[in-house]
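Student: for reference, the sequence and a predicted model appear below.
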Amino acid sequence: MKKILLTAALLITALSFGQGSTDYGGGIKFNLNPEGTKYMRFITWNQVWMRASQMNPGTMIGDQGVSTQEDIGLRRLRILAYTQISPRYMIVTHVGINNQTFINGGASGSAGTGGYGAGKKPGLFFHDAWNEYAVVLPKEGKPFSLSLGGGLHYYMGLSRMTMSSTLNYLTIDAPIFNWPLIENSDQFARQIGVFAKGKYNKFEYRFSLNKPFATNQTVANVTQAENAIAVDNNNNAKWSKAGYVEYQVFDKESNFLPFKVGSYLGTKKMLNFGAGFYTTPSGTKTSVNGITDRHTIGLFAGDVFVDLPVGQKDKKMAVTAYSVYYDYNFGPNYLRNIGIMNEGVADASFTGSRSLAGPGNLQPMVGTGNIWYTQAGFLLPNKSDKPKVRIQPFAAYTYKNFEALGKASNQFDFGTNLFLDGHHAKLTAQYSNRPIYITKDNIDSYKGEFLLQLQIYL
């Protein structure tokens, strides 16, 4: 029975990571015994971005004032390995780099020219490192399963996209605000803690108890309470609690690993409804007339995911859609501005109206308030002469309404995936816009960015 369960788990895992490819199979796997019940598996992936971007007003790159910028960068270079010596025991490790460009993203302290010049030799670090034990194994005819684990992990609750796989997005990438703690009180969307995961009939659950990474940003003292601005300052951090529960109407998804699939390309019939949370006391801090106040971080989300084959079976068409609503409370007027692979710095000689977010491609990304995000795509009919080459146009819409800003923003993404071999080899082209706030009540304009990604994963 154990061998049957292990084989089933491997098959489900292969399907979860092999969307759209008939050749991928079980991937890069090394058996540690003749039966294949003890093994190690590796997953590797590279994502390379080329960009043409309109810069925020007042941007300088390499001592030159710029309004546009073209570049190429390494969005993600990763290796994940997991080892299982029985159906109950598993070790997961995941290392890599992110966001290296020609001028930044290099090792700590790299600058100027030379062996450790600007942008060179980024630091390899652990994204995940946890141990896991299956307390109640999934069995045929039994509705309940339970696994417990601990370490640096990705079971961070909140939403499906908060625990998304970076291998199989519908759009070119995640919208980033799905990781609301990113690189503040987490390590690239992870925290150190313990977790429980499992299934009950059509429900899947994930809960975790974690110790957030310490934050100590300096709080600005104000004289009026309405002007207080919460900043990340948890000092000796209190324990965080996170959870996510999902109801899977049709096909059941694998929860062997935490990474949620973005697009199955019609290989599954999915309709899932989920809800989640993240909360930690004393996560942020304000100061009014010299009196400090600490605030609980309370984050909540509800989402729905659809991935369905449609039309004639031989055409292999599919529709994919995802919608999520986030309710974020970090304390009064909390706001973070983030830009992926941002190369810009402030141009001191600029005399015009600057963006409140700052230089480069920074934008208001996370804050106390509400965010509604929806994406949808359609996998076009299969061409019989080249069955692996597929096209999937998509679009996404984001509504952000933050307490610190007096006006909500509306953002759009448009693009298409060109699959050469499912998600294992694909090109993605996408155009995105972002708001330029000159004052908190005034969006002066929207700036655009065109991205082209080459992704390979094995």
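Tutor: Nice, thanks for sending it over.
Student: helices of this structure, start to end?
Tutor: Using DSSP state H, the helices found in the chain span residues 2-17.
Student: so what's the residue with the largest distance to the centre of it scoring on pLDDT?
Tutor: Within the chain, the residue lying farthest from the chain centre (Cα atoms, centre = their mean) is N289, at 38.4 Å. In the prediction, the pLDDT value recorded for N289 is 97.
Student: so it touches T223, yeah?
Tutor: Yes: with the criterion set as Cβ atoms under 8 Å, N289 and T223 qualify as a contacting pair; they are 5.9 Å apart. (C-beta placed from N, C-alpha, C; glycine too.)
Student: count of neighbours near G114?
Tutor: Residues contacting G114 under the criterion other Cβ atoms under 10 Å number 9.
Student: sorry, wrong one. I was asking about S432.
Tutor: The number of residues packed around S432, counting by other Cβ under 10 Å, is 25.
Student: so that it lines up with my notes, have the first residue be 31 from now on.
Tutor: Will do, 31 is the new start, and the previous item becomes S462.
Student: who's in contact with it?
Tutor: By Cβ atoms under 8 Å, 6 or more residues apart in numbering, the contact list for S462 reads 441-443, 478-479, 481.
Student: drop anything exposed from those.
Tutor: Under a neighbour-count criterion of 16 or more other Cβ atoms under 10 Å, the subset of the contacts of S462 counted as buried comprises 441, 443, 479, 481.
Student: got a list of what S238 touches?
Tutor: Taking Cβ under 8 Å, 6+ apart, we find S238 in contact with 183, 185-187, 221, 223-226, 271-273.
Student: could I get the pLDDT score of the residue nearest to M90 when sequence neighbours are not counted?
Tutor: Counting by Cβ to Cβ, 6 or more residues apart in numbering, D377 is the residue found nearest to M90 once chain neighbours are left out, at 3.7 Å. At D377, the pLDDT value in this model is 97.
Student: can you check the one 10 residues further on too?
Tutor: Per-residue confidence (pLDDT) for A387: 98.
Student: next, find the distance separating E170 from S116.
Tutor: Taken as Cβ to Cβ, to the nearest Å, the spacing of E170 relative to S116 amounts to 19 Å.
Student: who's more crowded, those two?
Tutor: A count of neighbours by other Cβ under 10 Å puts S116 above the other of E170 and S116, at 12 against 8.
Student: so the more buried one bridges to which residues?
Tutor: Y119 (DSSP bridges).
Student: and it, what pLDDT?
Tutor: Here the pLDDT value assigned to S116 is 89.
Student: wait, doesn't it sit right on T67?
Tutor: Yes: in this structure, S116 sits in contact with T67. The criterion is Cβ under 8 Å, and the distance is 7.3 Å.
Student: how about the contacts of S462 in CSV, adding pLDDT?
Tutor: Written out in CSV, the entries for these read as follows (pLDDT from 0 to 100):
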residue, pLDDT
Q441, 98
F442, 98
D443, 98
G478, 98
E479, 98
L481, 98
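Student: mind giving me TSV with the residues you listed and columns for distance to M80?
Tutor: Written out in TSV, the entries for the contacts of S462 read as follows (distance: Cβ to Cβ, whole Å):
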residue	distance to M80
Q441	21
F442	21
D443	17
G478	15
E479	11
L481	7
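Student: from the residues you listed, pick the one nearest D451.
Tutor: Top of the list for closeness to D451, among the contacts of S462 and by Cβ to Cβ, is L481 at 21.1 Å.
Student: is it true that that closest one touches M80?
Tutor: Yes: counting by Cβ under 8 Å, L481 sits close enough to M80 to count as a contact (7.3 Å).
Student: what count of nearby residues applies to F60?
Tutor: A count of neighbours around F60, defined by other Cβ under 10 Å, yields 12.
Student: residues in contact with it?
Tutor: 69-72.
Student: now those residues in a markdown table, with distance to A426, neighbour count and pLDDT?
Tutor: Output for these, formatted as a markdown table (distance: Cβ to Cβ, whole Å; neighbours: other Cβ atoms under 10 Å; pLDDT from 0 to 100):
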| residue | distance to A426 | neighbour count | pLDDT |
| --- | --- | --- | --- |
| Y69 | 38 | 18 | 93 |
| M70 | 37 | 15 | 95 |
| R71 | 32 | 19 | 95 |
| F72 | 32 | 13 | 96 |
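Student: the closest residue in space to K268 that isn't next to it in sequence: how many residues sit nearby?
Tutor: Leaving aside its sequence neighbours, K268 sits nearest to P311 (Cβ to Cβ, 6+ apart; 4.6 Å). The criterion is other Cβ under 10 Å. On that basis, P311 has 15 neighbouring residues.
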